[in-house]
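# I'll drop the sequence and a predicted model, then ask my questions.
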Amino acid sequence: MMRSFIKSIFSSASPEGMRVNQLAISLEKKETVLSASLRNGINFPYSCKVGGCAECKCKLIKGKVKEFTDASYLLTAEEVQSGYILACQSVPKTDDVEVEVDLSRAKKRINRGRIVGKTELTHDITAIEIELDEVPIFKAGQYAKLSLDCLPGVTRAYSFASKPNVENTRVKFIVRHVPNGEFSGLVKREDLVNKSIELEGPFGDFFLRDSDNHMLLIAGGSGLAPILSILEQAKEQNCQRAVTVILGARTQADIYGLEEILKISKNWPASFEFEQVLSEEPESSSWQGPRGYLGEHLRSFATYSSQVYLCGPPLMIDDCINTLSSMGIPSSEMFADRFIVNSK
């Protein structure tokens, strides 16, 4: 299962015996799991802090806690059966308490760093690599908000184009140049290596769901970024599913990601296809692949049992979803990340 769960260990015995993600922390008398985490600098997911939203839910792996309220009305029966608790309503009773929490759900996580690499992928798409001060916590497929110190007041959202790695502080993003775009224009024009940058995130619910079904991954423009992240993570976790990746582009000059996809597909344990559909390729060119719009070709790549992930412009996604729906693929098996262009 593609989860970024990280174990956190809490003890009520003494400050010295308390650990979170392998770091020693303190626990004060009658302090909840959530309060202790936040006080010790852990960005635990939460919202209301009074047991009314379930944002701070976590799984009790070991030990005992005292719960102030009954969480069963907020948690599913399956979650209750599996040992989930509300961190804001749970106080450790024993010195061996251990919980699992999905830290990628935490909001407003700020991480600073600097740009260490810039690569032009096409005439209008650039990849930037960032070295962060702390290891970023996110699920493959999610996005972050980026702000450059040299461009104050401007923040843009981009999907992670690299997989999560609990031992790596480097991440990659793919930026498509938007005409008159302040952020994307600066990325395209300037040498930004060593420039300071701030990352806020993660955000979004575009990530791989657990299934054995065929994975159909559809990208338009720079929408290949989260798909690369998802596939890299899936390969690391020994995913056994059949995969089809479709990139929609205007011309051959707009195709990118071939090297990355080839590397991922090598030794993939099931079938793996990468197709490109070009909408504006000149008829006189040597292109032998499919032409036109993505939606016109989906019947060649999808089946009613496909689990579909779409990322790109809203019009492209809506057109593809209409076609896939007509093929009998339920909406519960289609997941979309619509890129909204901000040209200011």
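Thanks, I have it. Residues are numbered from 1 along each chain as shown.
# Surely residue 220 touches residue 312?
Yes - under the criterion of C-beta atoms under 8 Å, residue 220 makes contact with residue 312 at 2.7 Å. C-beta here means a position set from N, CA and C on the backbone, and glycine is covered the same way.
# list residues touching both of these two?
248, 339 (C-beta atoms under 8 Å, 6 or more residues apart in numbering).
# how about the residue nearest to the spatial centre of the chain, what does it touch?
Computing the C-alpha centroid of the chain and ranking residues by C-alpha atoms, centre = their mean puts residue 142 first, at 2.2 Å. For residue 142, the contacting residues are 104, 159-160, 201-207, 226, taking C-beta under 8 Å, 6+ apart as the criterion.
# ditto for residue 82
Under the criterion of C-beta under 8 Å, 6+ apart, the neighbours of residue 82 are residue 59.
# quick one, phi/psi of it?
Reported as degrees, to the nearest 10, the phi and psi values for residue 82 are phi -80, psi 0.
# Residue 54 versus that one, what's the distance?
Using C-beta to C-beta, to the nearest Å, one obtains 14 Å as the distance from residue 82 to residue 54.
# All the helices of the stretch 1-150 of the chain, residue numbers only.
Chain-ordered helices for the stretch 1-150 of the chain, with DSSP state H, counting those that start in this stretch as the definition, fall at 33-39, 77-82.
# right, and those - which one's nearest residue 186?
Residue 186 lies closest, by C-beta to C-beta, to one member of those: helix 33-39, at 35.3 Å.
# Show me how far the closest one is from its chain's centre.
Taking C-alpha atoms, centre = their mean, to the nearest Å, one finds helix 33-39 lying 25 Å from the centre of the chain it belongs to.
# ok, now stretch 179-193?
Stretch 179-193 has its C-alpha centroid displaced from the chain centroid by 24 Å (C-alpha atoms, centre = their mean).
# List the buried residues in it.
Residues of stretch 179-193 classed as buried by neighbour count (16 or more other C-beta atoms under 10 Å): 181-188, 192.
# quick one: average pLDDT of that stretch?
Confidence over stretch 179-193 (mean pLDDT, whole number) is 94.
# neighbouring contacts of that stretch?
The set of residues that contact stretch 179-193 without belonging to it, under C-beta under 8 Å, 6+ apart, is 115-118, 124, 126, 128, 146, 148, 150-151, 154-156, 175-178, 342-344.
# Ok, stretch 62-79 next?
For stretch 62-79, the surrounding residues in contact (C-beta under 8 Å, 6+ apart) are 10, 33, 51-54, 57, 80, 84-86, 89-98.
# try it again with 6 Å
51, 54, 80, 84, 86, 89-94, 96-98 (C-beta atoms under 6 Å, 6 or more residues apart in numbering).
# mind listing which of those are in strands?
Per DSSP state E, strands hold the following members of the contacts of stretch 62-79: 84, 86, 90-92, 97-98.
# can you pick the most crowded of these?
The most crowded member of these is residue 86, carrying 28 neighbours; neighbours defined as other C-beta atoms under 10 Å.
# tally of neighbours for the spatially closest residue to that residue that is not a sequence neighbour?
The spatial neighbour of residue 86 that comes closest, neighbours along the chain excluded (C-beta to C-beta, 6 or more residues apart in numbering), is residue 71 at 4.7 Å. Burial of residue 71, expressed as a neighbour count using other C-beta under 10 Å, amounts to 19.
# Domain-wise, how is the protein divided?
Domain segmentation of the chain under automatic domain parsing yields 5-105, 110-203, 215-338.
# chain center to the longest one: distance?
Between the centre of domain 215-338 and the centre of its chain there are 17 Å (C-alpha atoms, centre = their mean).
# try the second one
Shown here is domain 110-203, whose average C-alpha point lies 14 Å from the average C-alpha point of the whole chain (C-alpha atoms, centre = their mean).
# which residues touch residue 121?
Taking C-beta under 6 Å, 6+ apart, we find residue 121 in contact with 127, 256.
# where in the chain is pLDDT low?
Low-confidence segments of the chain (pLDDT under 70): 1-26, 40-41, 108, 341-344.
# Can you check which strand is longest in it?
Ranked by residue count, the top strand of the chain under DSSP E comes out as strand 110-120.
# Check which helices and strands that strand sits against.
Here strand 110-120 is seen to pack against strand 125-132, strand 196-203 when contacts are counted using 3 or more C-beta pairs under 6 Å, 6 or more residues apart in numbering; DSSP states H and E.
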